[in-house]
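*Asks:* Here's a sequence, model it:
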Amino acid sequence: MRNIVTVSFLAIVLLLCSSNKLTLRKEYRVRTVVIDAGHGGKDVGCNGKFSHEADVALKLALQVGALIEKNLPDVKVVYTRKTDHFVELADRAGIANKNNADLFISIHLNSGPVNAYGTETYTMGIQKSEGNLQVAKRENAVILQEDNYKENYGGFDPNSPQSHILFTLHQSAYIDNSLRFADKVETEFKHRVGRNSRGVKQAPFLVLWKSFMPSVLIECGFLTNPTEEKYLNDKTGQTYMASGIYRAFKAYKQELEAMN
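*Replies:* Numbers count the residues shown, from 1 in each chain. The predicted structure is shown next:
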């Protein structure tokens, strides 16, 4: 009788161990990425001498997505837009949430003094930098072109610093992986693409506000700088930039999945 009890007990222990192993084997995978081409349609974004932010951002977004689809077939790529049309900021995050995205990438171009140049990658947050806040204010001003923006964004005022601070709290749960990916993007731009990296920064961007996953906004360069505008509109330059973002995504995916 004692032997039967011992065998039964061991069987239960083995069953529990097996069950735990099955649970542990449920590994995390980066399965879905949402790529957002900033602006579009009636909202052209910032302007260079001969190009618009919305057009360049779309070309870059489509190239990044195509590289992921070709080289990482286990990843589902979703675009917030694939043509030149207007998508409200809240809807961009909504697309990412609806598709249970593991990462949200918003691609933009910058504007500033004619001598300003280089790339910047932002996560949601607050840094004591007036420059960061000005970039966020410019990108967030898009909501003024939306209907009922006060109701849709809880009374958000794109000209109020206080409004921007309040909206940073939502993304705090995802900040570590957002920064992880942002750092890889800027590392690629600096060391592989050969661009001037202005670094990883934090600012209160509405497009990242309601996304329930790690999210970044990439400023790929200044259209107001003649040299950068030419580079960012050149097919080779666009290929280099898209490849840099793709390689950052691949490295990010591999690093997270290696932690299983």
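*Asks:* Any regions of the chain where pLDDT drops low?
*Replies:* For the chain, residues meeting the criterion pLDDT under 70 lie at 1-26, 126-133, 135-137, 140, 143-144, 149-151, 153-172.
*Asks:* Swap in 80 and give it another go.
*Replies:* Within the chain, the segments meeting pLDDT under 80 span 1-26, 125-173, 204, 206, 209-210.
*Asks:* Which parts of it are helices?
*Replies:* Assigned by DSSP state H, the chain shows helices spanning 2-24, 53-71, 89-98, 130-140, 149-152, 161-166, 175-188, 206-209, 226-233, 235-258.
*Asks:* Distance check, the residue nearest the centre of the chain against residue 72.
*Replies:* The centre of the chain sits closest to residue 105, judged by C-alpha atoms, centre = their mean, with a distance of 2.3 Å. Distance of residue 105 to residue 72, given as C-beta to C-beta, to the nearest Å: 14 Å. From N, CA and C alone the C-beta is placed, and that goes for glycine too.
*Asks:* what is in contact with these two at once?
*Replies:* Both residue 105 and residue 72 are in contact with residue 249, where contact means C-beta atoms under 8 Å, 6 or more residues apart in numbering.
*Asks:* Quick one: residues contacting residue 97.
*Replies:* Applying C-beta under 8 Å, 6+ apart, the residues near residue 97 are 210, 211, 212, 213.
*Asks:* who's in contact with residue 228?
*Replies:* 117, 221, 222.
*Asks:* and residue 258, how many neighbours?
*Replies:* 7 (other C-beta atoms under 10 Å).
*Asks:* And it, how close does it get to residue 94?
*Replies:* In terms of C-beta to C-beta, residue 258 sits 31 Å off from residue 94.
*Asks:* What about the contacts of residue 228, which one has the most neighbours?
*Replies:* Top of the contacts of residue 228 by neighbour count (other C-beta under 10 Å): residue 221, with 28 neighbours.
*Asks:* Please name the nearest non-neighbouring residue to that one.
*Replies:* Computed as C-beta to C-beta, 6 or more residues apart in numbering, the closest residue to residue 221 that is not its neighbour in sequence is residue 228, at 4.3 Å.
*Asks:* Could you find the closest non-adjacent residue to residue 76?
*Replies:* residue 32 (4.5 Å).
*Asks:* Residue 100 is in contact with the one you found, correct?
*Replies:* Yes - at 6.2 Å, residue 32 counts as touching residue 100 under the criterion of C-beta atoms under 8 Å.
*Asks:* how about residue 197, what does it touch?
*Replies:* Counting by C-beta under 8 Å, 6+ apart, residue 197 makes contact with 118, 119, 120, 186, 187, 189, 190.
*Asks:* ok, how many other residues are close to the nearest residue to it once chain neighbours are set aside?
*Replies:* Leaving aside its sequence neighbours, residue 197 sits nearest to residue 190 (C-beta to C-beta, 6+ apart; 3.9 Å). Residue 190 has 17 neighbours, counted by other C-beta under 10 Å.
*Asks:* Residue 220 versus residue 190, what's the distance?
*Replies:* Separation of residue 190 from residue 220 (C-beta to C-beta) stands at 13 Å.
*Asks:* What of residue 83?
*Replies:* When distance is defined by C-beta to C-beta, residue 83 is 20 Å away from residue 220.
*Asks:* More neighbours: those two, which one.
*Replies:* residue 220 (30 against 10).
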